[in-house]
Structures are given as C-alpha cells and as structure tokens.
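> next one to model:
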Amino acid sequence: MVENENPHEQYLEAGVHIGTRVSSKWMKKFVYKFRKDKLVMLNVEMIDNRIKEMAKILAKYDMSKVAVVASRVYAVPAAKKFAEIFGAKPFLGRFIPGTFTNPSNEKFFEPQIIFVCDPRVEKQALIEGTFSGALNVGLADTDNSIKNLDFFIPCNNKGKKSVPFVFYLLSKELMKAKGLIKDDSEFKYKPEDFELTSLTSEEKKEVEESEKEAQKMESEESDEEPE
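Residues are numbered from 1 along each chain as shown. Sure thing, here's the model as predicted:
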C-alpha cells in the first residue's frame, strides 16, 4: 500500500465496502449501515481484519495445493495474478463439474484449499470441496450464502476496483505471513497489477465470454433467503 495513505480511505475509494441491497443472515455482523438507496455498507475495519486472518490461514499451506476459482470478469485477472505470485492452481472461467472429484476429468486436481471469488456462481466448486474434504474459503458479498464456506472475506466481490484491491491486499498480507517480505515497503506489486488492464486483448475476450456465462448462471441460481 502506498506510504502515508489512509488504508481505510483506499478501501472506500475501491468500493470494497459497498454491498448489494440484500443482506443475508450470514452477513449481518459485518454490516456497518444501510445507505439511503438501501445499499448495504460493510464495516471496513472488519474487512481488513478478515483479509489478515485469511492470509494467516493460507500461509499454513503449500500454495501449490490451493485452487483459486474465478469466473467473473474482474475476478479472473486478480485471481490469475494471485496464483502466479504464489504458485497456486488457477481455474479461470466456467468451472467444469468433476474437476475436484472425478479422476477421469482432464483438469482433475485434488486441492487442500479451494478459494472462490463468487460463492453463487462458483457453487459447484464449493460442493466438490465439501465432498472431497478440502477447506473452502473465498470472497462473499452481502447477498451470498456462505453455508459451504469455512472462512470468507466479506466484500464487494464484483466491483471493477474492489476485487483487484482485495487480492492486492491479500497478496501483501500473505507474503508477510509466509515471511517472504518483512513489511509493506518490500511489496513490489500495485493494485493495477490485479486489474483487467493487466490482461492481453485475447485474454480479455476470454474473460468477457466467461462473464456472460457467469451472469447466466447467476440468473439461474438463487441463494438461501436472508433473514
């Protein structure tokens, strides 16, 4: 993070705290307030703490055994960069059923941890993680059910700036937790490195197709009704 800048202000600028107009029962404790337009505002300090906790959890594992699943347009480049930095296994675009449970699947992988970016669209990955005994973690927005997640970061998991910024922060905290850097000043990456602009034109086309599929799936899926 840039020196002398208020980290909370950066959260606000990236829109990490802006949820949807729905707050599921799982997310109530993270809600700071409701705006006049009924959008849910999340507690920035709690988001910051959860990012650090997530980093501590991931630091205990061999990152080559971590599957990062991303299907939404702004999550794909962020997840790709994160996986690249730590040697995790990225599953980008439409998730193929059986990837974590069927040995005959050409992309079969047995992860110890499954990190999803959208619990609704990537629901199949979570189901397979639960079945196989993997630890399920990820990002969850205010309207998401987190019943198949063992741990999550509450945040805006669809935003153009929000998702890359969360992965940027998580990468920095994970590097510190793993002892790869001593402090923030040694972290060489920028939020822009996790954004859509970091992809090639061909990769962007693939991401756009993935987003169309994700939107279709989102319209077909419905989470548990919030209390």
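
> wait, what's in contact with residue 34?
By C-beta atoms under 8 Å, 6 or more residues apart in numbering, residue 34 lies in contact with 40-41. Any C-beta I mention is one placed from the backbone N, CA and C, and that applies to glycine too.

> can you rerun that using 6 Å?
By C-beta atoms under 6 Å, 6 or more residues apart in numbering, the contact list for residue 34 reads residue 40.

> all further residue positions should be reported with the first residue as 2.
Happy to do that; since the first residue is 2 now, the last one works out to residue 35.

> apart from its chain neighbours, what residue comes closest to the most far-flung residue of the chain relative to its centre?
In terms of distance from the mean C-alpha position of the chain, residue 105 ranks first, at 27.9 Å (C-alpha atoms, centre = their mean). Nearest non-adjacent residue to residue 105, counting by C-beta to C-beta, 6 or more residues apart in numbering: residue 99, 7.9 Å away.

> pretty sure that neighbour sits in a helix.
No - assignment of residue 99 by DSSP: H, G, I helix; E, B strand; the rest coil gives coil, placing it outside any helix.

> what's the burial count for it?
Around residue 99 there are 15 other residues, counting by other C-beta atoms under 10 Å.

> for it, phi and psi?
phi 90, psi 0 (degrees, to the nearest 10).

> these two touch, right, it and residue 108?
No - between residue 99 and residue 108 there is no contact under C-beta atoms under 6 Å: 8.8 Å.

> the residue farthest from the centre of the chain: what secondary structure?
From three-state DSSP, the assignment for residue 105 is coil.

> how close does it sit to residue 97?
Taking C-beta to C-beta, to the nearest Å as the measure, residue 105 falls 12 Å from residue 97.

> show me whatever sits in contact with both of the two.
Joint contacts of residue 105 and residue 97 (C-beta under 6 Å, 6+ apart) do not exist.

> ok, now how distant is the spatially most central residue of the chain from residue 79?
The residue lying closest to the centre of the chain (C-alpha atoms, centre = their mean) is residue 118, at 3.4 Å. Residue 118 sits 8 Å away from residue 79, taking C-beta to C-beta as the criterion.

> same thing with residue 156?
From residue 156 to residue 79 the distance is 12 Å (C-beta to C-beta).

> any weak-confidence spans in this protein?
2-8, 199, 205-211, 213-215, 217-228 (pLDDT under 70).

> ok, which stretches of it are helices?
Using DSSP state H, the helices of the chain run over 8-15, 45-59, 76-87, 124-133, 163-178, 202-221.

> how about JSON lines for those helices, with mean neighbour count and distance to residue 39 added?
Output for the helices of the chain, formatted as JSON lines (neighbours: other C-beta atoms under 10 Å; distance: least, C-beta to C-beta, whole Å):
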{"stretch": "helix 8-15", "mean neighbour count": "16", "distance to residue 39": "19"}
{"stretch": "helix 45-59", "mean neighbour count": "17", "distance to residue 39": "19"}
{"stretch": "helix 76-87", "mean neighbour count": "23", "distance to residue 39": "25"}
{"stretch": "helix 124-133", "mean neighbour count": "19", "distance to residue 39": "26"}
{"stretch": "helix 163-178", "mean neighbour count": "24", "distance to residue 39": "19"}
{"stretch": "helix 202-221", "mean neighbour count": "14", "distance to residue 39": "20"}
